[in-house]
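Asker: I'd like to go over a predicted model; first the sequence, then the structure.
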Amino acid sequence: MTIQERLISLRRESGLSIRELSKLLNIPHSNYQRVEHKQPPCFSLLCRLSIFYGLTLSGLLKDVKPTI
């Protein structure tokens, strides 16, 4: 699973749209949309997402295959 697939899965499990999640995280929806579709997330966003979903960083990245 890619990080993008993991983030999409978590967002959908929470029943949120990209716009709704972006609003809750206080970031532009276009920025978050790029993260889910083509651009890897920055560390600070991963930290915010782990807190939002109530996960550790390792829990957030569980089953994510590294890409180089």
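Answerer: Yep, that arrived.

Asker: Please name the residues that touch the residue nearest to residue 63 when sequence neighbours are not counted.
Answerer: The spatial neighbour of residue 63 that comes closest, neighbours along the chain excluded (CB to CB, 6 or more residues apart in numbering), is residue 1 at 5.1 Å. The C-beta positions use only the backbone N, C-alpha and C, and glycine is treated the same way. For residue 1, the set of contacting residues under the criterion of CB atoms under 8 Å, 6 or more residues apart in numbering consists of 9, 63-65.

Asker: distance of residue 1 from residue 16?
Answerer: When distances are taken as CB to CB, to the nearest Å, residue 1 and residue 16 turn out to be 19 Å apart.

Asker: Make a markdown table out of the contacts of residue 1 and add pLDDT.
Answerer: Conversion of the contacts of residue 1 to a markdown table gives the following (pLDDT from 0 to 100):
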| residue | pLDDT |
| --- | --- |
| 9 | 95 |
| 63 | 88 |
| 64 | 91 |
| 65 | 89 |
